[in-house]
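Student: Here is a sequence together with a model predicted from it:
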Amino acid sequence: MALRLRSRRDILAIQPDWQKLRGQYLGVVGAWDDQHDGADVQFEVRAFVGDGQGWEDPVTGSLNAAMAQWLIESGVAPAQYVATQGTTLHRAGRVFVVKDGDDIWIGGNVVTRVAGVITL
């Protein structure tokens, strides 16, 4: 399930009740205010996963893709924009969204934390 709230402030103010979210997957999105938040990003996104004790995903490509389709097709978002996710987790996730024809492209920068080889 996904919800759109009025603003980035509303998104950042959410304090999840993990008992009520048990078994649920919830994405929320809110627009940035150019004057208050800046103009380099258009949306704030959060993803709540009600498995086990509950947790928040710092950056979720599939959620951003689904939300992009919804936001762009409903006229809320332009065909190309930037979303941020992970703010409340002290992560600076940036998700770059581009609609190209019928396709939605999701991209971003990554940092390798662990690399290795598995031999089977």
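Tutor: Yep, that arrived. Numbers count the residues shown, from 1 in each chain.
Student: Give the residue spans of the protein that score low on pLDDT.
Tutor: For the chain, no stretch has pLDDT under 70.
Student: And the helices in it?
Tutor: 8-12, 34-37, 61-73 (DSSP state H).
Student: who touches the shortest one?
Tutor: It stands for helix 34-37. 8-9 (C-beta atoms under 8 Å, 6 or more residues apart in numbering). (Glycine included, C-beta is placed from N, CA and C.)
Student: Which positions in it come out as buried?
Tutor: Buried residues in helix 34-37, defined by neighbour count with 16 or more other C-beta atoms under 10 Å: Asp37.
Student: For burial, what's the neighbour tally of Ala65?
Tutor: 16 (other C-beta atoms under 10 Å).
Student: Could you check how far it is from Val114?
Tutor: Distance, Ala65 to Val114, using C-beta to C-beta, to the nearest Å: 25 Å.
Student: cool, and Phe96?
Tutor: Using C-beta to C-beta, Phe96 is found at 24 Å from Val114.
Student: who has more neighbours, those two?
Tutor: Between Phe96 and Val114, Phe96 has the larger neighbour count (other C-beta under 10 Å), namely 14 against 4.
Student: Find the residue closest to that one in space, skipping its chain neighbours.
Tutor: Distances taken as C-beta to C-beta, 6 or more residues apart in numbering place Gly107 nearest to Phe96, at 4.5 Å, with adjacent residues excluded.
Student: Look up how far Ala13 lies from that neighbour.
Tutor: Going from Gly107 to Ala13 by C-beta to C-beta gives 28 Å.
Student: follow-up on the earlier one: quick one: which of the helices of the chain is nearest Val45?
Tutor: Nearest to Val45, of all the helices of the chain, is helix 61-73, at 6.1 Å by C-beta to C-beta.
Student: Residues contacting the closest one, please?
Tutor: Outside helix 61-73, the residues that reach it (C-beta under 8 Å, 6+ apart) are 2, 4, 27, 29, 43, 45, 47, 57, 77-79, 81, 83, 85, 95, 97, 99, 104, 106, 108.
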